[in-house]
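Novice: Pasted the sequence and its predicted model underneath.
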Amino acid sequence: MDDLFKPLADATGASLDQIKLITCLVVSYPLGNVFVRLPRSQPAMKHIFSVVVSTVFLLPVMHLWPEILHLLCSVLVTYILAATLRGPSMPWAVFAADMSLLTFNHAYRAIYEIPYETFDITSSQMVLTMKLTTFAWNVWDGRRPAEELDKWQLKHRVATMPSLLEFLGYAFYFPGILVGPYTEYTTYASLIDGSLFESAGEDGRTRVKHVPRGRKRVAYTRMGTGFLCLGLFVVLGGRFPYQSVLTDAWLQKGLLNRLLTVQLIGFVARIKYYSVWLLSEGACILTGLGFTGYTASGGSLWGGAANVNILLIEWPSNFKVLLDSWNMKTNVWLRETMYKRVARKGRKPGFKSSMVTFITSAFWHGIAGGYYITFLLGGFVTTAGRMCRANFRPLVLPPTDHLPSSVIKRLYDFVGSLAALMLLNFTVAPFVIGGFFDSLEAWRRMEWYGLWMVGGVLAFFALGGKSWMRGLAQSRIRRMEKKFEEETKGARVFIPK
């Protein structure tokens, strides 16, 4: 079958596996139109359809035999543990089992130096690990009293174990099997039985509608945007890789030139992810997944399968917004299976939860030293951003919501967006480069600017900046109160009869 893809690979200069991956994503579009037309009265057909299509993608196309057995092993182990273990340790046992097998394959890839251009089982297994560990927590939430659950947990709790066929259909849902996005079991089940599209009639009775109109327009828009990003990466990817920071030519650049070039390199590194995530999202939408409701005018909304918000990444209001807009489904997984779960009962998640979550994210991505450097710094960046928002922002907000933003507030927003983007492009360099020492050398050639930014903020607040900023905020409040009293002094208040 590889002979079908070699001419296109030779023409574009891409690897054979990259061409096959894009082809599978594109083929998922017409298959999605077939999937959505399978009768709801025959849910087994939809489960089998997904399993068969995913098997074709993984075996004859991507040649992942016997690696596909690793996926099947993870699925069966999760199903057995979730069904047999009744205590609160069940989700952690599932997490340990699935992450162990994933780490084994990450290590295998590193030891045998499988190149980045080669598509191996770790990509599919990363998506599957998110699905399976989330499912385990959903099952555990289904065994807990409803009053102990938050809104997300209550919505996605699984009170009854699905059949093995239903679970296999969920695990091998074909549009997301290669690069995601992952979805919760309850969402998949509601897609199969049509309850995802339920609406309440005027008589109060719930009706199941057909798949709402508008999905094709949204899906093919995602496809077009994905191909646009892919084209940009083909043109720019070879000219602006992060590895160029390690070349001798980089040292010949001036400081300002280096800082500006890093920002361009960071953008180029992101657009390849934009392309595959958008293509995958469009295929999911064609199956009906991603529907979230209707607008006030009756138009359908399809944001439920989104994994990225490009505009909020390329010009974020702050670093938190940026993180929340990148790899969005993974963020949900980390939040719901780690960040909130490791916090002490009755207490809000804090710095400890953040650091455990970032380390988990690095562990999930692989064993390269660069991953851990990136996510370790990411934890400190998040903490520094939270401190800035809590202490600087009150000083620039208008006194009431009815007044327009001041010049200083707009300047604060601009500086915050620019700082968030610069920190992103610095922080992710080790993630892309991979090697521990090469990553540190790359940061050195960037003059450590990200560490200076984050370290400066943390040092400022540790050395008394927090108290000083609070004093400024209180002084501002007193001045505004005094000004208000002066402006309203002697004013007559009319009380209508």
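Specialist: Right, received. Where do you want to start?

Novice: neighbours around F240, how many?
Specialist: Using other CB atoms under 10 Å, F240 is surrounded by 15 other residues. Bear in mind the C-beta positions are built from the backbone N, C-alpha and C, glycine included.

Novice: mind starting the numbering at 47 from now?
Specialist: Understood, numbering begins at 47; the last thing we discussed is F286.

Novice: Contact partners for it?
Specialist: 307, 310-311, 314 (CB atoms under 8 Å, 6 or more residues apart in numbering).

Novice: I'd like these written out as CSV, with pLDDT added.
Specialist: Rendered in CSV, the data for these read as follows (pLDDT from 0 to 100):
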residue, pLDDT
T307, 97
L310, 97
I311, 98
V314, 97
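
Novice: so which of those residues comes closest to M108?
Specialist: V314 (25.8 Å; CB to CB).

Novice: Please pull out the lowest mean pLDDT helix or strand from this protein.
Specialist: strand 252-254 (a mean of 50; mean pLDDT, DSSP states H and E).

Novice: picking up where we left off before, closest one to S100 out of the contacts of F286, please.
Specialist: V314 (30.9 Å).

Novice: could you pull out the helices for the stretch 397-543 of the chain?
Specialist: 397-411, 415-437, 439-442, 453-473, 475-479, 482-491, 495-506, 512-534 (DSSP state H, counting those that start in this stretch).

Novice: which of these is buried the deepest?
Specialist: helix 475-479 (a mean of 23; mean count of other CB atoms under 10 Å).

Novice: contacts for that one?
Specialist: 287-289, 291-292, 308, 312, 315, 411, 415-417, 419-420, 482, 485-486, 488-489, 492.

Novice: Report all helices and strands that the helix or strand that comes right after the least confident helix or strand of the chain contacts.
Specialist: Scanning forward in sequence from strand 252-254 by DSSP states H and E, the next helix or strand is helix 261-282. Judged by 3 or more CB pairs under 8 Å, 6 or more residues apart in numbering; DSSP states H and E, helix 261-282 is in contact with helix 62-81, helix 301-333.

Novice: Would you indicate which residues of helix 261-282 are buried?
Specialist: 261, 264-265, 268-269, 271-272, 275-276, 278-279, 282 (16 or more other CB atoms under 10 Å).

Novice: next one: stretch 132-142
Specialist: Result for stretch 132-142 [16+ other CB under 10 Å]: buried residues 136-141.

Novice: Let me have those residues in TSV, extended by distance to I331.
Specialist: Below are these laid out as TSV (distance: CB to CB, whole Å):
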residue	distance to I331
M136	33
P137	30
W138	34
A139	35
V140	29
F141	30
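
Novice: quick one: which of those is nearest to M47?
Specialist: The nearest one, if we look at those relative to M47 and count by CB to CB, is V140, at 34.8 Å.

Novice: nearest spatial neighbour of that closest one, skipping sequence neighbours?
Specialist: Distances taken as CB to CB, 6 or more residues apart in numbering place A182 nearest to V140, at 3.8 Å, with adjacent residues excluded.

Novice: Repeat that for L105.
Specialist: W111 (5.6 Å).

Novice: Could I get the helices of the stretch 397-543 of the chain in a markdown table, plus columns for mean pLDDT?
Specialist: Output for these, formatted as a markdown table (pLDDT from 0 to 100):
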| stretch | mean pLDDT |
| --- | --- |
| helix 397-411 | 91 |
| helix 415-437 | 92 |
| helix 439-442 | 86 |
| helix 453-473 | 93 |
| helix 475-479 | 96 |
| helix 482-491 | 97 |
| helix 495-506 | 97 |
| helix 512-534 | 77 |
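
Novice: among those helices, which is nearest P76?
Specialist: helix 397-411 (32.1 Å).

Novice: The closest one packs against which elements?
Specialist: Secondary elements touching helix 397-411 (3+ CB pairs under 8 Å, 6+ apart): helix 136-157, helix 167-189, helix 374-380, helix 415-437.

Novice: Switch those over to JSON lines; also include distance to T341.
Specialist: Shown next, in JSON lines, are the helices and strands packed on helix 397-411 (distance: least, CB to CB, whole Å):
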{"stretch": "helix 136-157", "distance to T341": "37"}
{"stretch": "helix 167-189", "distance to T341": "29"}
{"stretch": "helix 374-380", "distance to T341": "21"}
{"stretch": "helix 415-437", "distance to T341": "30"}
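
Novice: Tell me which of those helices lies nearest to T406.
Specialist: helix 374-380 (6.5 Å).

Novice: how far is that closest one from where the chain is centred?
Specialist: 5 Å (CA atoms, centre = their mean, to the nearest Å).

Novice: What about the contacts of F286, which one has the most neighbours?
Specialist: I311 leads the contacts of F286 on contacts (other CB under 10 Å) with 22 neighbours.

Novice: Pull up the gap between that one and T58, please.
Specialist: Distance of I311 to T58, given as CB to CB, to the nearest Å: 22 Å.

Novice: For L174, give me its contacts.
Specialist: Taking CB under 8 Å, 6+ apart as the test, what L174 contacts is 117, 120-121, 144, 217.
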